[in-house]
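Trainee: no letters, just coordinates:
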């Protein structure tokens with residue numbers, strides 16, 4: 001495990017982030033280590049749901065209506081979000097924007 005100073009130095013050497021951003025990120029990782037992992041899991045699940053919808057709907061798929069379906073209820077647990085996407089996909093293509 002890296003020390004705080006080692007983590008800061010790693011970020012300095014491997015990113016173009018400002019010193020302020022580096023300190024903020026490392027502070028966040030050290031005080032809430034699960035947050036970054038949770039964020040990444042959410043990102044990967046959202047991308048998988050987007051690919052699933054695009055594959056199922058084909059050419060009628062519209063990224064804007066997909067985002068509307070995902071965002072309309074605010075923050076949701078991932079299983080509930082998947083249910084929302086399943087509902088979105090069940091609607092006849094072309095009616096998602098109504």
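Mentor: Alright, I've got the coordinates. If you're wondering where the values come from, they're calculated on a predicted model, not measured in any experiment. Numbering: from 1, shown residues only.
Trainee: tell me which element the spatially most central residue of the chain falls in.
Mentor: For the chain, the residue nearest the mean C-alpha position is residue 43 (2.7 Å; C-alpha atoms, centre = their mean). Residue 43 belongs to helix 33-57 when assigned by DSSP states H and E.
Trainee: now that helix, how far from the centre of its chain.
Mentor: Chain-centre distance of helix 33-57: 6 Å, with C-alpha atoms, centre = their mean, to the nearest Å.
Trainee: go on, stretch 12-24?
Mentor: Relative to the chain's own centre, stretch 12-24 is displaced by 22 Å; criterion: C-alpha atoms, centre = their mean.
Trainee: that one spans what distance, first to last residue?
Mentor: Start-to-end span of stretch 12-24 (C-alpha to C-alpha, to the nearest Å) is 13 Å.
Trainee: which stretches of the chain form helices?
Mentor: All helices of the chain, identified by DSSP state H, fall at 4-14, 19-31, 33-57, 63-71, 78-90.
Trainee: could those go into CSV alongside mean pLDDT?
Mentor: Listed next are those as CSV, based on pLDDT from 0 to 100:
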stretch, mean pLDDT
helix 4-14, 96
helix 19-31, 94
helix 33-57, 94
helix 63-71, 94
helix 78-90, 95
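Trainee: got phi/psi on residue 2?
Mentor: When read as degrees, to the nearest 10, the backbone of residue 2 gives phi -80, psi 150.
Trainee: what's the closest non-adjacent residue to it?
Mentor: In space, and not counting its chain neighbours, residue 2 is closest to residue 10: 6.7 Å by C-beta to C-beta, 6 or more residues apart in numbering. The way it works is simple: take the backbone N, C-alpha and C, and place the C-beta from them, glycine included.
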